[in-house]
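Novice: Just the structure for this:
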Amino acid sequence: MKICIVTPYVMKGDGQGRANYEVVWEAIRRGYELTLVAVKISPELETHPQIKWIKFPNTNFPTALLNEMIFSGRSAGWLRQHRHEFDLVQVYGAVTSAVGDINTSQFVHTAWRKSPVHTSRIHRSLYGVYHWLYSALNAAWEKTAFRKAKISIAVSDKIKQELIHELGLVGDRIHVIHNGVDVEEFVPGVESREQFGLPTDVSLGMFAGDIRTNRKNLDTVLRSLVQVPDLHLAVVGTTEGSPYPAMAAELGISDRVHFLGFRRDIAKIMQAVDFFVFPSRYEACTLVLLEAMASGLPVITATSAGGAELVTPESGFVLQNSDDADALAKAMETLSRDRTLGQTMGQAARQVAEQNTWTAKAKNYVDLFEELVNNENLRNYTDVSPSQRSSAVLGSAN
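Specialist: Residues are numbered from 1 along each chain as shown. Predicted coordinates for the structure are as follows:
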């Protein structure tokens, strides 16, 4: 089988890029040939004999929207010339204006732009106008992209429902395959807090994500923290351009909020804290939540964060309203005061993570690739006997 995957990144260290990376390796293990239409891929893939990289260098325009539009146009132009070379083409959302056989949704812009806390409604400025335009254009593009695909993949039950209700897709054309987690990189353990500049002998929660916008919802976490006076919070995320250090100062909690900046040792930091809090206002299937669970941390999230359906009552708290500061404060206080409960929940969280590994996720993807290609081949062999048809399908899939 010859597979083409169109996506900007195929590499570890990038959310969607990591998902792509695992799928590619599973396809390699099964002996398939892959063409990656991408901006950047991991070095070990560049020279792999089963990989052909169609490189579209990053254009470095001043906004993400312009860069994404350039990639969309260039990749579509290339694919129109080479589509006949592949058994299957996988794309992600509106990443390219070319049609994919399988389209994976990591984000539904049509749903996010309707949110009462969309960035354009919070920031009445040029910054807000840009985010309105970004969401509006992507919402229009994704409707076309998903409706033209043969089948779609949703990374959570939440995303599946949005594809049905917002984009009008038929439910039986949507397969839910959750994102995965590396249970060997993220493991329970104990790390010294001093090496991260964090206080010892206090209850310590953790938040991680992009803290330059309001979508991840650090503002509600900080307001809730005011109500839990003995709790400290470690925050991982780029502080440049973020309003939240100033907000912490205004709330009088700067001494209890520890901004660590962007970090690559997040797995170690998770081993130094007591629980993870992430009530995102909109998320498809957040990787960092699964990483915290794999690290043996009890978690606090919200139904608006896709993937929250994986958090059982035994492993954490799921808020019905991401902006309910009182409910969030109550959950944080519970974990802050009851260490035994936290440890029990952490053990249950690890068990959930072990059932949602990258290996399992990648196998589900490639199984679906094979099913779709085989079904297409079956339709092409309607004039032969079942045994001949089976032989033909097996031959064309390799």
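Novice: Point to the helix or strand of the chain where mean pLDDT is at its lowest.
Specialist: helix 386-396 (a mean of 42; mean pLDDT, DSSP states H and E).
Novice: list the buried ones in stretch 118-136?
Specialist: 118-120, 122-123, 130-132, 134-135 (16 or more other CB atoms under 10 Å). C-beta: built from backbone N, CA, C; applies to glycine.
Novice: and what of stretch 50-68?
Specialist: Neighbour counts over stretch 50-68 (16+ other CB under 10 Å) mark 51, 53, 56, 67-68 as buried.
Novice: So, low pLDDT: which residues of the stretch 201-350 of the chain?
Specialist: Within the stretch 201-350 of the chain, no stretch falls below the threshold (pLDDT under 70).
Novice: Show me where it has its strands.
Specialist: 203-208, 231-236, 257-261, 275-278, 299-302, 316-319 (DSSP state E, counting those that start in this stretch).
Novice: quick one, which of these is nearest to H178?
Specialist: Set against H178 and scored by CB to CB, those come closest in strand 299-302, at 14.1 Å.
Novice: Please work out which residues outside the closest one touch it.
Specialist: Strand 299-302 is contacted by residues 217, 275-281, 286, 289, 292-293, 308, 311, 315-322, 328, 331-332, 335, 349 when judged by CB atoms under 8 Å, 6 or more residues apart in numbering.
Novice: Quick check: phi and psi at L34.
Specialist: The phi and psi values for L34, taken as degrees, to the nearest 10, are phi -130, psi 140.
Novice: give the contact list for it.
Specialist: Counted by CB under 8 Å, 6+ apart, L34 has contacts 2-5, 24, 27-28, 50-52.
Novice: Among those residues, name the ones in helices.
Specialist: Using DSSP state H, the subset of the contacts of L34 located in helices is 24, 27-28.
Novice: Adding pLDDT, write the residues you listed out as JSON lines.
Specialist: Below are the ones in helices among the contacts of L34 laid out as JSON lines (pLDDT from 0 to 100):
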{"residue": "V24", "pLDDT": "96"}
{"residue": "A27", "pLDDT": "97"}
{"residue": "I28", "pLDDT": "97"}
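Novice: Between those, identify the one with the most neighbours.
Specialist: The most crowded member of those is V24, carrying 27 neighbours; neighbours defined as other CB atoms under 10 Å.
Novice: got a list of what that one touches?
Specialist: Contact analysis of V24 by CB under 8 Å, 6+ apart lists 5, 10, 34, 36, 45, 51.
Novice: Quickly check these for the two that are furthest apart.
Specialist: Pairwise distances across these (CB to CB) peak at 11.1 Å, for the pair I5 and L45.
Novice: Compare neighbour counts for the two and give me the winner.
Specialist: Each of I5 and L45 has its neighbours counted (other CB under 10 Å); I5 has more, 25 against 19.
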